[in-house]
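sequence first, then the predicted structure, then my questions.
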Amino acid sequence: MIISNAETRFRERLAGTGSLTAASSLLAECSEALGWERAAFNADMEQTHLPLAENGAFVALNMGWSPQALKHWVDDRLARSCPVTVRCGRSMDAFLWEADPDSESWRGEALSDIQRQTLSAYRDWADGAVTVPVHRPGGKTGYVSWFGHDPDALKRRHQDTWRETWLISHAFIAHADALESATRKRSAKAGADTLTPRELECLAWAARGKTDEDIGQILGRSRETVHFHLGKALRKLGASNRTHAVAIACSLGLIRLF
């Protein structure tokens, strides 16, 4: 595949962005330069919340999306059954779609009422888009959508920019992942500084495969107390489960497996 100048310039500038806000603003600028009206993304389609900037505001505000549109999306929980997200989980290739809530089906599949509502919301902003699924190791999937008006114009724009949109989408999602990972590490380090000796002790035994009851017997504490300490450690480290907490603690040098 020939890498275009637009994609090369985007990668060079993207590497210099240290926040999701700056990266998303660059993506919006790039979409306009390529002739698209706006772009949107989801770095992880398992997450239904909209990406937030460092100040807690919606990242999409920096990409030209109106506060009203974002409020509608959040308040009505439209991400729950978004047909675009569902399609991304089944497709490796970019796909062109129209925001047609009145159609009997969407890309060959029947539409539910909530999906019609989602497409209707899209229709308030654009006639359709090209969406590029981005699948990564570990089963995580994100995507970037490139929006515009006029179905015929959408097709022409897709034909003219499919290389750029595919390459830029993959580069952007990879960078968003890296930024998220860096944020998690900073948060974990901050939380690690507040771990108590007892929480670290419980984590160390959990790393050796001990159950709450086992740890309680070793430390002379109840199973409930051990569970309480481990729960606090999970929250402080921003871990999703005990295994994740142990992995974070090991990576920070807080505990050792042997």
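Received, thanks. Quick caveat: nothing in here was measured; it's all calculated off a predicted structure. Numbers count the residues shown, from 1 in each chain.

not counting sequence-adjacent ones, nearest residue to residue 85?
residue 45 (4.9 Å; Cβ to Cβ, 6 or more residues apart in numbering). C-beta here means a position set from N, CA and C on the backbone, and glycine is covered the same way.

from residue 150, how far out is the one you found?
27 Å (Cβ to Cβ, to the nearest Å).

the two: which has the busier surroundings?
Set residue 45 next to residue 150 and count neighbours by other Cβ atoms under 10 Å: residue 45 wins out with 19 against 12.

look at the more buried one and give its secondary structure.
coil (DSSP: H, G, I helix; E, B strand; the rest coil).

where does pLDDT dip in the stretch 1-150 of the chain?
Along the stretch 1-150 of the chain, the model assigns pLDDT under 70 to residues 1-4.

helices of that one, start to end?
Taking DSSP state H, counting those that start in this stretch as the test, the helices found in the stretch 1-150 of the chain are 5-15, 20-33, 67-75, 83-88, 113-123.

can I see the domain layout of this structure?
As given by automatic domain parsing, the domain ranges for the chain are 5-184, 194-251.

for residue 77, give its distance to residue 121.
11 Å.

neighbour count winner among those two?
Neighbour count, other Cβ under 10 Å: between residue 77 and residue 121, residue 121 has more, with 17 against 13.

you'd agree that one is up against residue 70?
No - using Cβ atoms under 8 Å, residue 121 is not in contact with residue 70, being 10.5 Å away.

surely the residue nearest to residue 85 and residue 87 touch.
No - using Cβ under 8 Å as the test, residue 45 is too far from residue 87 to be in contact (10.1 Å).

what sits against the residue nearest to residue 85?
Shown in contact with residue 45 (Cβ atoms under 8 Å, 6 or more residues apart in numbering): 85, 88-89, 141-143.

check the gap between residue 235 and residue 143 for me.
Counting by Cβ to Cβ, the separation of residue 235 from residue 143 is 30 Å.

give me the neighbour count for residue 178.
As a burial measure, residue 178 scores 12 neighbours (other Cβ under 10 Å).

and the contacts of residue 45, which two are furthest apart?
89 and 142 (11.0 Å; Cβ to Cβ).

quick check: neighbours shared by the two?
Shared contacts of residue 89 and residue 142 (Cβ under 8 Å, 6+ apart): 45, 133.

which residue ranges of this protein form strands?
38-42, 95-98, 105-106, 109-110, 128-135, 141-148 (DSSP state E).

give me the contacts around the third one.
By Cβ under 8 Å, 6+ apart, the residues outside strand 105-106 that reach it are 83, 97, 100, 111, 115, 119.

any idea how far the closest residue to the second one other than its chain neighbours lies from residue 155?
Looking back up the chat, that one is residue 97. Excluding the flanking residues, the one nearest residue 97 by Cβ to Cβ, 6+ apart is residue 128, at 5.5 Å. Here residue 128 is placed at a distance of 9 Å from residue 155 (Cβ to Cβ).
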